[in-house]
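Undergrad: Sequence and predicted structure are below.
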Amino acid sequence: MRVRFTKMHGLGNDFVVIDAISQRIKLNADKVRRLADRRFGVGCDQVLIVEVPQNPDVDFRYRIFNADGSEVENCGNGARCFAKFVTDRKLTGKSSITVETANGIMVLNVQDNGEVSVDMGAPRIQPADLPFIAAEQAVTYPLPLTDTSLEVSAVSMGNPHAVTLVDDIDQAPVENWGPQVESHQQFPQRVNAGFMQVISRSEVKLRVYERGAGETLACGTGACAAVVAGRLRNLLDSEVRVHLPGGTLTIRWEGSAEDTDHSVIMTGPAANVFHGQVKV
Ligand SMILES: N[C@H](CCC[C@H](N)C(=O)O)C(=O)O
């Protein structure tokens, strides 16, 4: 079956986006892996499928699949690209769009300058929310690796994140620590591994070894989780510029360790790369 798609990216975190409203598509993990393959397929970090919502009060549903074929709960850069996709293709005339994902309902605002601001909802920091196996909830947890032990913060943005502070992001052994954290036995559903260098109370550098995709040039939920982790440790103010290898996101969160029930607001760009058709 031939399917129309749009290749997009959010700060270099790249996606194959498919309109499953005006075309029929049946995907399975093998087909996702083939689509995402950078040699045998189109190539991307995640595949995003735009669908009719199940909830009549919501504008769209969108599903998120990692390059390894796993379906996941949330994707920050993907949400911004989804908003640009449905706007550009006139699937909606709204600039404030509601969308349901496996994690719940989000509101996305397409701004005049083309950037998209997303209410990512409130973070969850109970270990069971990730899930993360820990004796009790804490701001940081020791996480033994083969040749060292990290101190991680555990934050769910609907999807799980383990955030580690590093002194120098460029020297951090992400290719060694990332896979060990991602598949650590204390994370039964695996985890996205974030490595954050704090520059100031309003600026950080971040690299993310993503669950199911490896190190990406940017991770939206990872940037949200990193700011939450930084605020739980009282290192960051409520608005932070997060510098990722692919570019910068602005993250706002008014919450604290005492009161996490505040939405994280992520703002950043979304870009088209090309349109195409592919046999799936
Ligand atoms: N790898 C993530 C999903 C994609 C998240 C990322 N691309 C973002 O922008 O948030 C996970 O397995 O939870």
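TA: Received, thanks. Numbering: from 1, shown residues only.
Undergrad: tell me which element residue 143 falls in.
TA: strand 141-144 (DSSP states H and E).
Undergrad: Restrict the helix or strand just after that strand to CA atoms and write it as CSV.
TA: Later in the chain than strand 141-144, the nearest helix or strand by DSSP H and E is strand 149-156. Coordinates of each C-alpha in strand 149-156 appear next as CSV, following Å, rounded to 0.1, in the frame of the first residue of the first chain:
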residue,chain,number,x,y,z
SER,A,149,26.9,5.0,39.9
LEU,A,150,24.8,7.9,38.8
GLU,A,151,22.5,10.2,40.8
VAL,A,152,19.3,10.5,38.7
SER,A,153,16.0,12.4,39.1
ALA,A,154,13.0,10.3,37.9
VAL,A,155,10.4,12.4,36.1
SER,A,156,7.4,11.3,34.0
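Undergrad: quick check, strand 149-156 touching the ligand?
TA: No - Strand 149-156 does not reach the ligand (Cβ under 6 Å from any ligand atom); its nearest approach is 9.7 Å. Bear in mind the C-beta positions are built from the backbone N, C-alpha and C, glycine included.
Undergrad: Which strands and helices lie in contact with the helix or strand just after that strand?
TA: Downstream of strand 149-156, the next assigned helix or strand under DSSP H and E is strand 160-165. Helices and strands touching strand 160-165, by 3 or more Cβ pairs under 8 Å, 6 or more residues apart in numbering; DSSP states H and E, are strand 149-156, helix 174-182, strand 192-200, helix 220-232.
Undergrad: Of the ones you listed, which stretch is the most buried?
TA: Compared across the helices and strands packed on strand 160-165, helix 220-232 shows the largest average neighbour count, a mean of 29 (mean count of other Cβ atoms under 10 Å).
Undergrad: Need the phi and psi values for residue 276.
TA: phi -160, psi 180 (degrees, to the nearest 10).
Undergrad: Setting the sequence-adjacent residues aside, check what's closest to it.
TA: Among residues not flanking residue 276 along the chain, residue 5 sits closest, at 5.9 Å (Cβ to Cβ, 6 or more residues apart in numbering).
Undergrad: Same check on residue 35?
TA: Nearest to residue 35 is residue 41, by Cβ to Cβ, 6+ apart, at 4.7 Å.
Undergrad: Which strand or helix spans that neighbour?
TA: Applying DSSP H and E, one finds residue 41 in no helix or strand.
Undergrad: Distance-wise, check residue 124 relative to residue 203.
TA: Distance of residue 124 to residue 203, computed by Cβ to Cβ, to the nearest Å: 25 Å.
Undergrad: Pull out the buried positions in stretch 40-58.
TA: For stretch 40-58, the neighbour count (16 or more other Cβ atoms under 10 Å) marks 41, 42, 44, 45, 46, 47, 48, 49, 50, 51, 58 as buried.
Undergrad: From those, list the ones also adjacent to the ligand.
TA: Answer for the buried residues of stretch 40-58 near the ligand (Cβ under 6 Å from any ligand atom): 45, 46.
Undergrad: Among the buried residues of stretch 40-58, which lie within strands?
TA: Among the buried residues of stretch 40-58, DSSP state E puts 46, 47, 48, 49, 50, 51 in strands.
Undergrad: Which residue comes closest to the last one once chain neighbours are left out?
TA: Of all residues beyond its chain neighbours, the one nearest residue 51 is residue 61 (4.4 Å), with distances taken as Cβ to Cβ, 6+ apart.
Undergrad: can the ones in strands among the buried residues of stretch 40-58 go into a markdown table with extra columns for pLDDT?
TA: Listed next are those as a markdown table, based on pLDDT from 0 to 100:
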| residue | pLDDT |
| --- | --- |
| 46 | 98 |
| 47 | 98 |
| 48 | 98 |
| 49 | 97 |
| 50 | 97 |
| 51 | 97 |
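Undergrad: which one of those sits closest to the ligand?
TA: residue 46 (5.4 Å; Cβ to the nearest ligand atom).
Undergrad: ok, what's across the strand from the closest one?
TA: Beta-bridge partners for residue 46, by DSSP bridges, are residue 15, residue 66.
Undergrad: I figured it hits residue 74, correct?
TA: No - if you go by Cβ atoms under 8 Å, residue 46 and residue 74 don't touch, sitting 10.9 Å apart.
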